[in-house]
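**Student:** sequence first, then the predicted structure, then my questions.
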Amino acid sequence: MTETPVSLADLRREIDRIDAAMHGLLMERGEIISQLIAVKRSQETGSAFRPGREAAMMREIVGRHRGILPVDIVESIWRVIIATFTHVQAPYAVHGDVSLGGAAMRDVARFHFGFVVPYETHDDASDVIHAVAASRGDLGLVPVAAAGAWWRALEPAGAPKVIARLPFVERADHPAAMPCYVLSKPVDEASAGSDIRLYSVVLPEAAAPAPAGFEVTARAGAALLISLPGAQPVSALADALPAATAIHPVGSHAAAVPHPV
Ligand SMILES: O=C(O)C(=O)C[C@]1(C(=O)O)C=C[C@@H](O)C=C1
């Protein structure tokens, strides 16, 4: 017996059913976010961002993804959902440092935060840090490779800190690939996801060698930005750098999600 081929109309009815279900679920998600706003207000203070939670969600989503839909789209859709629902909880803007290219920075901002969240450009990291510091709860985007010792402005206790590193999902052909740090006014480490802590280190002189066994994420003369995995205590850094004139925590971020996992 030959099977009756499924008609185009039947397939489109299936697509309509799935789209209606997805839209319904998104609206239901919105209702949960309304409840979450009330719970967060009563339990906590400060910013709505939970970058550690966001990284864990991306890990789950990328880990279970299968099929013909490119993982880029899945990542982008959920980034926009999460960023937009964060904006619904408490409006914020994203400030991008365009010193390494406006197009690449815009791609990073739009891919991860969508179009509802306002995006403003700045000529350098220092301007971004000022904008974040002067805001109620805005985010800054600074390329990891930005010039100068920009991270030194994050040293004072009340100054903005690194709370995430983008892209969350690490793969060779990422569509918004420029590595960037996300800055915000200080949040607690648990919220940021503390897989990797960042330290600003100042060596006694510009020519001094970087400490062996530590990942130097950025360097400008004597100023270093060092990434310390969660397992490595900061005392190890201090021990390796007896001559350092300063070691300051400047934030933390979740480890990237590798893809394929
Ligand atoms: O889980 C939370 O605390 C939320 O605010 C929800 C949510 C989301 O939309 O899933 C939004 C913002 C946070 O950064 C993390 C997740």
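**Tutor:** Noted; the coordinates are in hand.

**Student:** drop to CA atoms for contacts and neighbour counts, all remaining ones
**Tutor:** OK.

**Student:** so what's the residue nearest to residue 243 when sequence neighbours are not counted up against?
**Tutor:** Spatial nearest neighbour of residue 243, chain neighbours left out: residue 204 (6.4 Å); criterion: C-alpha to C-alpha, 6 or more residues apart in numbering. Counting by C-alpha atoms under 8 Å, 6 or more residues apart in numbering, residue 204 touches 222, 243, 244, 245.

**Student:** could I get the phi/psi values of the second one?
**Tutor:** Yep, that's residue 243 we're talking about. phi -90, psi 0 (degrees, to the nearest 10).

**Student:** that one contacts residue 203, doesn't it?
**Tutor:** Yes - under the criterion of C-alpha atoms under 8 Å, residue 243 makes contact with residue 203 at 6.8 Å.

**Student:** neighbour count winner among these two?
**Tutor:** In this view residue 243 and residue 203 are compared by other C-alpha atoms under 10 Å, and residue 203 has more residues nearby, 21 against 13.

**Student:** quick check: the more buried one vs the ligand, distance?
**Tutor:** 35 Å (C-alpha to the nearest ligand atom, to the nearest Å).

**Student:** what residues does that residue make contact with?
**Tutor:** Here residue 203 is in contact with 222, 223, 224, 243, 244, 245, 246 (criterion: C-alpha under 8 Å, 6+ apart).

**Student:** the ligand contacts on the stretch 1-150 of the chain?
**Tutor:** Contact residues (C-alpha under 6 Å from any ligand atom) of the stretch 1-150 of the chain with the ligand: 48, 49, 50, 51, 53, 54, 82, 85, 86.

**Student:** make JSON lines out of the contacts of residue 204 and add distance to the ligand and secondary structure.
**Tutor:** Output for those, formatted as JSON lines (distance: C-alpha to the nearest ligand atom, whole Å; DSSP: H, G, I helix; E, B strand; the rest coil):
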{"residue": "222", "distance to the ligand": "35", "secondary structure": "coil"}
{"residue": "243", "distance to the ligand": "39", "secondary structure": "coil"}
{"residue": "244", "distance to the ligand": "35", "secondary structure": "coil"}
{"residue": "245", "distance to the ligand": "35", "secondary structure": "coil"}
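
**Student:** columns pLDDT on top of those, output as JSON lines?
**Tutor:** Shown next, in JSON lines, are the contacts of residue 204 (pLDDT from 0 to 100):
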{"residue": "222", "pLDDT": "94"}
{"residue": "243", "pLDDT": "83"}
{"residue": "244", "pLDDT": "77"}
{"residue": "245", "pLDDT": "80"}
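
**Student:** most widely separated two among the residues you listed?
**Tutor:** Pairwise distances across the contacts of residue 204 peak at 11.6 Å for 222 and 243 (criterion: C-alpha to C-alpha).

**Student:** center of the protein, which residue is that?
**Tutor:** Centroid-nearest residue in the chain, with C-alpha atoms, centre = their mean: residue 164, separated by 3.7 Å.

**Student:** packing partners of the host helix or strand of that one?
**Tutor:** Following DSSP states H and E, one finds residue 164 within strand 161-166. Here strand 161-166 touches strand 180-184, strand 246-253, going by 3 or more C-alpha pairs under 8 Å, 6 or more residues apart in numbering; DSSP states H and E.
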